[in-house]
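Q: Quick one, structure for this:
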Amino acid sequence: MNTQRYEAFDLLATLVALARPDGTLVFVNSGFEAVAGQSRRSLIRTSLFDRFIDSAALRETLLAVAHNEIATGRL
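A: Below is the predicted model of the structure:
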């Protein structure tokens, strides 16, 4: 994935993570890197679900976005 198209997300103070419906991270911004204490490179292709104690709401949100039931999810 070409991360240059997401460079503007690095300017945000909020954490941004783009994930596939199965929870696989495809992009994280610099804020996410800072909070996770890991580099973007080490986070990509890992599961976002593994970062939550109870990931049920996250799983439901990603599935709803994948089925176009909602456009975005915010947790």
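Q: Just give me the neighbour total for the closest residue to Arg59 other than its chain neighbours.
A: Leaving out its chain neighbours, the residue that sits closest to Arg59 by Cβ to Cβ, 6 or more residues apart in numbering is Phe49, at 6.6 Å. Every C-beta, even on glycine, is put in place using the N, C-alpha and C of the backbone. Neighbourhood size, Phe49 [other Cβ atoms under 10 Å]: 15.
Q: Pretty sure Ser55 is one of the things Phe49 touches, is it not?
A: Yes: contact criterion Cβ atoms under 8 Å: Phe49 and Ser55 qualify, at 4.2 Å.
Q: Next up, phi/psi of the spatially most central residue of the chain, please.
A: For the chain, the residue sitting closest to the mean C-alpha position, by Cα atoms, centre = their mean, is Ala17 at 2.2 Å. Main-chain dihedrals, Ala17, degrees, to the nearest 10: phi -130, psi 130.
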